[in-house]
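**Student:** Provide a 3D model corresponding to the input given below.
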Amino acid sequence: MANDPQTPHRVALYYAPPPQSAWWRAGSEWIGRCALTGLPLTQPIIDGMAPAQFAALTADPRRYGWHATLKAPFRLAPGQTLDSLRAGVRQLFEGREPFDLAPLQVSRLGHFLALRPLHAQPELDTLAADCVRQIHPLAMPLSADELARRRRTPLTPRQDALLQTWGYPYVLDQYRFHLSLTGPLQALPADTLAALLESAADRFHDLPPCRIDRISVFVEPTPGADFCLLEQIGFQP
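**Tutor:** Numbering: from 1, shown residues only. Okay, the predicted model is just below:
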């Protein structure tokens, strides 16, 4: 994996497939960047959509890298380091058994497209909740500006309470595991959206099951920089 940045602006805990896997290649090529190497990748051609339009549509997931969020990006609290984060993750995964992710389907989630499990998985929700609860003591509390930025997206009272407690509104009972395929779809014509859905379904449908046996530590080296895969930490059954 890449060398540790000396002072990462933010860190995050994600599920990401192994970089040598078909899932990593398929997803990274879709969004147009490998989060391990940082290199751009050639994106697929979507019928009826210019390459520049597809690149713009995938700009948000490209910046964050191919992943599903478990513990959303946060700043390390004073006195905490990447080493203490690693120690916390390893402690979190002691005795945890790997499991296969349910089959994934392309679907709309809010205003964007994502890959979502076909059915609920209690062990997946438990994993995400444990990441939030047990790693949160390492996180810096949100600043007033960060809270205000999060609140620009309309939140329910429950989501706002979660934001104040855990630094992110879509956790615990509000959590929805997903791998983002696009940013906001906006007013995409119906025929273009249909072509996009078909292309995504064709690309990901026949891949083997995803094995959840590791957690990925991603870092944002400086404010606004692309997120990079720092390392993957395996379960320790």
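**Student:** all strands for the chain, in order.
**Tutor:** Assigned by DSSP state E, the strands in the chain fall at 10-15, 68-74, 99-100, 104-109, 112-117, 179-180, 211-212, 214-220, 228-234.
**Student:** Name every strand pairing with the first one and say which way it goes.
**Tutor:** Think strand 10-15. strand 68-74 (antiparallel), strand 214-220 (antiparallel) (DSSP bridges).
**Student:** now the last one
**Tutor:** Take DSSP bridges as the rule and strand 228-234 pairs in its sheet with strand 214-220 (antiparallel).
**Student:** Restricting to C-alpha, output the partner strand in PDB.
**Tutor:** Provided in PDB are the C-alpha atoms of strand 214-220 (Å, rounded to 0.1, in the frame of the first residue of the first chain):
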ATOM      1  CA  ARG A 214     -11.300  -6.700   5.600                       C
ATOM      2  CA  ILE A 215     -11.800  -3.000   6.200                       C
ATOM      3  CA  SER A 216     -10.000  -0.300   4.200                       C
ATOM      4  CA  VAL A 217      -8.400   2.800   5.700                       C
ATOM      5  CA  PHE A 218      -8.700   5.700   3.300                       C
ATOM      6  CA  VAL A 219      -7.100   9.100   3.800                       C
ATOM      7  CA  GLU A 220      -7.700  12.600   2.400                       C
END
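**Student:** ok, residues contacting that strand?
**Tutor:** By Cβ atoms under 8 Å, 6 or more residues apart in numbering, the residues outside strand 214-220 that reach it are 5, 8-16, 18, 35, 64-65, 67, 70, 73, 82, 85-86, 89, 93, 131, 226-235. C-beta here means a position set from N, CA and C on the backbone, and glycine is covered the same way.
**Student:** again, but for stretch 68-79
**Tutor:** By Cβ under 8 Å, 6+ apart, stretch 68-79 touches 8-16, 82, 84-85, 127-128, 131-132, 135-141, 167-168, 170-171, 177-179, 215, 218, 220, 227.
**Student:** let's go with 7 Å and repeat that
**Tutor:** 9-15, 85, 127-128, 131-132, 135, 138-140, 167-168, 177-179, 215, 220 (Cβ atoms under 7 Å, 6 or more residues apart in numbering).
**Student:** Could you tell me the end-to-end distance of that stretch?
**Tutor:** Taking Cα to Cα, to the nearest Å as the measure, stretch 68-79 stretches 28 Å from start to finish.
**Student:** Stretch 25-43 now?
**Tutor:** With Cα to Cα, one end of stretch 25-43 sits 11 Å from the other.
**Student:** and what of stretch 210-221?
**Tutor:** Note: stretch 210-221 ends 28 Å apart using Cα to Cα.
**Student:** So for that stretch, what gets flagged as buried?
**Tutor:** 210, 212, 213, 214, 215, 216, 217, 218, 219, 220, 221 (16 or more other Cβ atoms under 10 Å).
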